[in-house]
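Trainee: mind folding the following:
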Amino acid sequence: MLLLLAALSCRNKDPIDTGSATVDSAPVDADGDGWDATEDCDDDDVSISPDAVEVCDGVDQDCDSAVDEGVTGTFYVDADGDGWGDEDSPVEDCDGTGQTTSQVGDCDDSDAAISPNAVEVCNGVDDDCDGSVDADAVDPSTWYTDADGDGFGAGEGVESCDAPDGVSADDGDCDDSDAGVNPSAVEVCNGLDDDCDEAVDDEDPSLSDATTWYLDLDGDGYGYAEVSAVSCEAPEHFIEDDTDCDDTDEAVNPGADEVCNDLDDDCDGAIDDDDSDLDTSTATTWYDDTDGDGFGDATASTTSCVAPTGTVTDDTDCDDTDADVNPSASEECDGVDNDCDGDLDGGAEGADATCAVASCKEIYDAGASTGDGLYWVDPDDDGDTSDAWEAWCDMTNDGGGWTKLYSSLWPTFWSSSTYGDVGSPEDDDYSIIDEIADFEDSTGTWTFRFEVGDSGVWDTATRAHYTVWSQEHEPFSESSDGTDYTYVSGDESTTCSGFNGLHARGAGSWYMTSDVDTGDSTSCWWMQIVPLTQYGSTSSYPGYLEGYGGPNVHTWHVLWVQ
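Mentor: Numbers count the residues shown, from 1 in each chain. Below you'll find the model as predicted:
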């Protein structure tokens, strides 16, 4: 500024250069401010003259060679540019231009956010330079008591910048006595509003541990995966299991046994024979039927629900290579167990001379009977069947198993010792009475049956009368007083003191009596078992059972032994 004033002084004192010579002239007031150039320190600026008022602008307005004298002010350095200066850094200036300000009181001139007109906020700093930190902050936090220490508070809040002990900025705790209940908790099935959203358990969409339940319609304890419900508690008829493959049948479920029924009983995807868990007790044992006779081989079997090809349920075939040998076959007298009963030719008794047995009764008891007819017998039962003979057997009447010893049309009577002398077994006249001794049973007893018919020829269906009895002596060679006689069934004669069996009397196998009581005639047997009406009157010879109703004319009679 001093240099500028000197320059102006020199300019006012120098003459005008005309280029070639100095010319003296009258003073000039170029800026028209009333001061010519000799006195005006800047005759180009009307605002500068000796009578101008000095203003604070860095210019000597009053031409007194002093700049801004008497018009400067005190300003303060405003380093942070916040409009507030540091009172410890004053600056004299015209108008506080630059990094200065007339406002003083900045307590931190390095931070534009800190000044007397700043707003106090919670930051641990005296933002408004009032000497206190955060005390009058406009943004204090509200703190809520967190009694259960779960990070969430409840109740009336307390405002402060810093958190007191045991508080939380969050007031969303709906149960401040339970640390497990707060807005950040997970809703679980426990009957509580765990996450404080006012929805409990199943009512809360955010429920995390609900159970998936499955319909158990059939009540077998196993649920159906296709029908489910998610909830804390099981709805009616729902359970946790989802492994039932048929929820309409309580017998079908993973806990059931696989049985033969065309169903996947145990829900493992395999049915019946395809299931390794099959309860074989429900399966069938099938036996190979190689010969196709309907009977299987017990030594070759398969257990399964469905029959393998070529098998049957029967296991009683004793020869699965021969279709003619099986339990339904008829036993033949061939040395083969045709009917598989374990007895060679058993059941073929009497079918052939080589299979002859002691009597028709033995054939009957052995189950070899095929009905009334001819069978081979060997009454001496000595193992040698070369002397076997063919007998007529009554297998249907009076218990069955009767061997015919004699039959004839009246008035023929037995008199021969062999049936060959009289005829074949099926003839009306037939005698083999000499064999009677071999028909004694194990107790020493003979059982006889005598029949008479009053029409036609020998035929049990047309018999008029019969008597069945037993006695303990053989009538060919032994006599008896009749005390061993036992009546069994039929009609019992009372003629000649009553019938009491057959007894040896006289000579010849044919000569027997039927009564040996004291005083009885040896011919009484005629009146008891043979109606000889042609020999005399009915009063003299009442005949067999004549005491039961008069003359009994008949056309045939037969003697049987059992």
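Trainee: going forward, measure contacts and count neighbours with C-alpha atoms only.
Mentor: Noted.
Trainee: next one: residue 95, what pLDDT does it get?
Mentor: For residue 95, the pLDDT comes out at 71.
Trainee: do I have it right that it meets residue 76?
Mentor: No. Counting by CA atoms under 8 Å, residue 95 stays clear of residue 76, with 11.2 Å between them.
Trainee: which of these two has more neighbours?
Mentor: It is residue 76, of residue 95 and residue 76, that has more neighbours when counted by other CA atoms under 10 Å, with 24 against 16.
Trainee: next SSE after the helix or strand hosting that one?
Mentor: Element membership for residue 76 (DSSP states H and E) is strand 73-77. Per DSSP H and E, strand 73-77 leads on to strand 90-93 as the next helix or strand towards the C-terminus.
Trainee: okay, now the sheet partners of the helix or strand just after that next one, with direction.
Mentor: Later in the chain than strand 90-93, the nearest helix or strand by DSSP H and E is strand 100-101. Sheet pairing of strand 100-101 (DSSP bridges) gives strand 73-77 (antiparallel).
Trainee: dump the strand it pairs with to PDB, restricted to CA.
Mentor: Written as PDB, here are the backbone C-alpha positions of strand 73-77 (Å, rounded to 0.1, in the frame of the first residue of the first chain):
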ATOM      1  CA  GLY A  73     -12.400  -4.800  12.400                       C
ATOM      2  CA  THR A  74     -11.300  -7.700  14.500                       C
ATOM      3  CA  PHE A  75     -12.000 -11.100  13.000                       C
ATOM      4  CA  TYR A  76     -11.100 -14.700  14.100                       C
ATOM      5  CA  VAL A  77      -9.600 -17.600  12.200                       C
END
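Trainee: show the average pLDDT along that strand.
Mentor: Mean predicted confidence for strand 73-77 is 85.
Trainee: which residues touch that strand?
Mentor: Applying CA atoms under 8 Å, 6 or more residues apart in numbering, the external contacts of strand 73-77 come out as 84-96, 99-104.
Trainee: if you count neighbours, what's buried in it?
Mentor: 75, 76, 77 (16 or more other CA atoms under 10 Å).
Trainee: can you map out the strands along the stretch 201-350 of the chain?
Mentor: Remark: strands assigned in the stretch 201-350 of the chain by DSSP state E, counting those that start in this stretch are 211-215, 224-231, 238-239, 284-288, 297-304, 311-312.
Trainee: let's have those strands in a markdown table, adding mean neighbour count.
Mentor: Below are these laid out as a markdown table (neighbours: other CA atoms under 10 Å):
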| stretch | mean neighbour count |
| --- | --- |
| strand 211-215 | 22 |
| strand 224-231 | 16 |
| strand 238-239 | 23 |
| strand 284-288 | 23 |
| strand 297-304 | 17 |
| strand 311-312 | 22 |
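Trainee: do I have it right that residue 288 meets residue 314?
Mentor: No. The pair residue 288 / residue 314 is not scored as a contact, 9.1 Å apart, by CA under 8 Å.
Trainee: which residues do the two both contact?
Mentor: 296, 297.
Trainee: show me what contacts the most centrally placed residue in the chain?
Mentor: The centre of the chain sits closest to residue 253, judged by CA atoms, centre = their mean, with a distance of 2.1 Å. Taking CA under 8 Å, 6+ apart, we find residue 253 in contact with 220, 222, 243, 244, 245, 246, 265, 266, 267.
Trainee: any idea which of the strands of the stretch 201-350 of the chain gets closest to residue 42?
Mentor: For the strands of the stretch 201-350 of the chain, the distance to residue 42 is smallest for strand 224-231, at 99.6 Å, taking CA to CA.
Trainee: in the stretch 301-450 of the chain, which spans are helices?
Mentor: 360-365 (DSSP state H, counting those that start in this stretch).
Trainee: low pLDDT regions in the stretch 401-550 of the chain?
Mentor: 410-434, 455-461, 494-497, 505-550 (pLDDT under 70).
Trainee: kindly recompute the last result at 50.
Mentor: The stretch 401-550 of the chain contains residues with pLDDT under 50 at 416, 419-420, 507-511, 518, 526-527, 531-550.
Trainee: in this structure, what secondary structure element scores lowest on mean pLDDT?
Mentor: helix 2-13 (a mean of 36; mean pLDDT, DSSP states H and E).
Trainee: circling back to that earlier point, filter the contacts of strand 73-77 to the buried ones?
Mentor: Taking 16+ other CA under 10 Å as the criterion, what is buried in these is 84-87, 90-91, 93-96, 99-104.
Trainee: so which of the residues you listed is the closest to residue 332?
Mentor: residue 84 (141.8 Å).
Trainee: quick one: which of the buried ones among the contacts of strand 73-77 is nearest to residue 409?
Mentor: Scanning the buried ones among the contacts of strand 73-77 for proximity to residue 409, where the rule is CA to CA, the winner is residue 84, at 169.1 Å.
Trainee: alright, calling it a day.
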